[in-house]
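Asker: Test case, fold it:
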Amino acid sequence: MSRISQTLSLLGNLSSLSVGPNTASEFHDEKPEVATVSEQFLPRRQDAVFGDQFVFQTVSSQQRISAKLLLLPPFPCDVPPFAKSVAYLSSLSGSVKAVVHRLPGAENHFFRLYIFAREANVKVTLPPLFRGVVTIKNHDGLRQRKQIHCSRPFRDRMRRGFIRFDTCALGNDDEVCIHAEGKIELRFNAIIG
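Answerer: Residues are numbered from 1 along each chain as shown. Sure, this is the predicted structure:
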C-alpha cells in the first residue's frame, strides 16, 4: 500500500462519520451523536515503517465512537516480521466501542490499540485468539477492579497466561491500552467456522 493510498484511506475513514437511524438531526449543522469508523490494516514489514509509521486515528470531543478494525493477512510474497498496526480512538465525553477482527492467515499481524475515554464507558471486542497485554488506567493513572468487566472466555485466557495486565509487551504480543473513567468491558468475538 503506497503512502498516498494510506493517506487517502485515513482521510476517507475520518470523513465517513455516519448518523444512525436514532440520531437523525433536525438541523444539518449539528454533529451526529455517533462517529462510526472502520479501517482495514494490511501488515507492513518492520523495516518499511521505521520512522514512517502509519497510525489510524479518530478523535471526538462530544461524540460516541464506534470503530470496526480489520486485521488482514499479508500478501504471499511478504514474510514476517511485521510492524504492529496502530489505532488511536479518543472521545472527551462520549463512549468508545471498538471491535477488532483478525482474518485467517493474519495470526502474525499484531496490533496496538489506544483508547481514551475521559468521561464515559469503553467496550472492546477482541479476536478470539487475542494474546498479549492489556493496560487499563483512569485519569489518576490507577486501575480499579470494580471498573473492569471481563467475559468468561476472556478470564479463562487470562488464567492460561495468554492475556497479561500491566506488563511490558513483546514483539509478538497484541496491545490494548485503555485510559478511561467509566466502566470497561472486555470480551471476544465469536469464532466463525
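
Asker: Tell me where the model's unsure across the protein.
Answerer: 1-32, 47-54, 139-145, 191-193 (pLDDT under 70).

Asker: 80 - rerun?
Answerer: Confidence mapping of the chain against pLDDT under 80 gives the ranges 1-32, 45-56, 58-62, 80, 138-146, 166-167, 171, 190-193.

Asker: So what's the residue count around Gly171?
Answerer: Residues near Gly171, counting by other C-beta atoms under 10 Å, number 11. (Glycine included, C-beta is placed from N, CA and C.)

Asker: how deep is the residue lying closest to it once chain neighbours are set aside tucked in, by neighbour count?
Answerer: Among residues not flanking Gly171 along the chain, Pro81 sits closest, at 7.0 Å (C-beta to C-beta, 6 or more residues apart in numbering). With neighbours defined by other C-beta under 10 Å, the count for Pro81 comes to 13.

Asker: need the contact list for Pro81.
Answerer: Arg45, Gln46, Asn108, Gly171 (C-beta atoms under 8 Å, 6 or more residues apart in numbering).

Asker: So the second one versus Asp174, what's the distance?
Answerer: Right, Gln46. 16 Å (C-beta to C-beta, to the nearest Å).

Asker: Look at these two and report which has more neighbours.
Answerer: More neighbours surround Asp174 than the other of Gln46 and Asp174, with 24 against 13 (other C-beta under 10 Å).

Asker: What's the separation between the more buried one and Pro74?
Answerer: Asp174 sits 16 Å away from Pro74, going by C-beta to C-beta.
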